[in-house]
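K.L.:
Using only what follows, build the 3D model:
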Amino acid sequence: MGTDIHMYVERKLTDIGKWKYTPMDVWEDRNYDVFAMLANVRNGHGFAGVPTSSGFEILAEPRGMPVDASEHVRTERSWDHTPSWLLLKEILDAERHGYFDKVSTHVGVIPLVGEVSPFPWRSISYVSWLASGRGKPASASSSVFGKNVITVDEDEAQRLIAKGYVGPTPESPTVYYVAISWTSTYRDSAKRFLAWIHDSVCPLGQDVGEHRVRLVFGFDS
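P.N.:
Presented below is the predicted three-dimensional model:
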């Protein structure tokens with residue numbers, strides 16, 4: 001079962017003014033790394049608690065629905081758990097102080113010798129991942145199950161490669177996946193979120209002040 005975010009942007013013109021809902025295109029990607037940063041949601045694990053990373057330091061513990069939320073957010077909100085909010089200033093201050101330069105270790109499984117996929121960007125294998133420098137793979141699963149599917153560690157993967165394994169056959173139908181890990185910065189994990197912040201939300205902050213713009217959000221699963 002997946003988790004999604006529902007995002008709203010509010011601003012106010014003065015420090016004592018009321019928060020007003022600001023209609024705009026919002027970031028609502030299904031990115032569990034960003035969910036973890038924003039509100040400790042899916043932090044280091046996926047469905048059924050399957051590990052996905054070493055986890056992320058969070059920007060703030062979930063704060064609940066703001067008591068002074070705009071009428072639109074109060075009446076139109078579409079989440080069912082973990083409501084919270086962050087000021088634009090808090091996000092930008094975190095960026096200024098190096099928060100997004102921190103590093104997290106991710107884990108996943110990829111096919112030993114390749115995945116047959118109609119989407120070229122998903123065609124990844126342990127062999128090609130090694131050749132590309134062991135960085136973030138184009139695609140990885142948190143876990144795989146099925147008949148004749150076995151997940152091995154990298155040592156066993158190397159032994160299978162040395163023995164000439166090239167994929168399943170009718171006589172030997174086993175499909176091997178390899179458990180791998182890689183590192184990436186918070187910035188890399190949050191690339192599209194930060195692009196939206198800078199391109200769409202920051203102009204509001206330039207008009208009224210970073211402390212007068214906030215994101216209000218929640219999640220459903």
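
K.L.:
When you work out contacts or count neighbours from here on, use the C-alpha atoms and nothing else.
P.N.:
Fine.

K.L.:
Grab the nearest non-local neighbour of residue 176.
P.N.:
If the residues on either side of it in the chain are set aside, residue 176 comes closest to residue 150, at 5.1 Å by Cα to Cα, 6 or more residues apart in numbering.

K.L.:
Okay, the one you found and residue 181: tell me how far apart.
P.N.:
17 Å (Cα to Cα, to the nearest Å).

K.L.:
And for residue 155?
P.N.:
As judged by Cα to Cα, residue 155 and residue 181 stand 13 Å apart.

K.L.:
neighbour-wise, which of the two wins?
P.N.:
With neighbours defined as other Cα atoms under 10 Å, residue 155 and residue 181 compare such that residue 181 has more, 17 against 9.

K.L.:
Run through who's touching stretch 84-97.
P.N.:
With contact meaning Cα atoms under 8 Å, 6 or more residues apart in numbering, stretch 84-97 is reached by 39, 59-60, 62-66, 100, 201-202, 205, 210-218.

K.L.:
Just the buried positions in that stretch, please.
P.N.:
Of all the residues in stretch 84-97, those buried under the rule 16 or more other Cα atoms under 10 Å are 84, 85, 86, 87, 88, 89, 91, 92.

K.L.:
what does stretch 163-175 give?
P.N.:
In stretch 163-175, counting by 16+ other Cα under 10 Å, buried: residue 175.

K.L.:
same thing with stretch 200-214?
P.N.:
So for stretch 200-214, counting by 16+ other Cα under 10 Å, buried means 201, 202, 204, 205, 209, 210, 211, 212, 213, 214.

K.L.:
what about the helices in this protein?
P.N.:
32-39, 71-76, 88-96, 126-131, 154-162, 186-189, 191-196, 202-208 (DSSP state H).

K.L.:
With mean pLDDT and distance to residue 21 as extra columns, can I get those helices in a markdown table?
P.N.:
Compiled in a markdown table, those are given as follows (pLDDT from 0 to 100; distance: least, Cα to Cα, whole Å):
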| stretch | mean pLDDT | distance to residue 21 |
| --- | --- | --- |
| helix 32-39 | 97 | 20 |
| helix 71-76 | 94 | 6 |
| helix 88-96 | 98 | 14 |
| helix 126-131 | 90 | 45 |
| helix 154-162 | 95 | 50 |
| helix 186-189 | 97 | 28 |
| helix 191-196 | 98 | 17 |
| helix 202-208 | 97 | 12 |
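
K.L.:
Residue 168: which of these is closest?
P.N.:
helix 154-162 (12.1 Å; Cα to Cα).

K.L.:
Strands of the protein, residue ranges please.
P.N.:
Applying DSSP state E to the chain gives strands spanning 4-11, 20-21, 81-87, 103-111, 149-152, 175-185, 213-220.

K.L.:
Turn the ones you listed into JSON lines, columns for mean pLDDT and distance to residue 194.
P.N.:
JSON lines is the format used below for the strands of the chain (pLDDT from 0 to 100; distance: least, Cα to Cα, whole Å):
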{"stretch": "strand 4-11", "mean pLDDT": "97", "distance to residue 194": "14"}
{"stretch": "strand 20-21", "mean pLDDT": "97", "distance to residue 194": "21"}
{"stretch": "strand 81-87", "mean pLDDT": "97", "distance to residue 194": "14"}
{"stretch": "strand 103-111", "mean pLDDT": "94", "distance to residue 194": "16"}
{"stretch": "strand 149-152", "mean pLDDT": "94", "distance to residue 194": "35"}
{"stretch": "strand 175-185", "mean pLDDT": "94", "distance to residue 194": "13"}
{"stretch": "strand 213-220", "mean pLDDT": "97", "distance to residue 194": "13"}
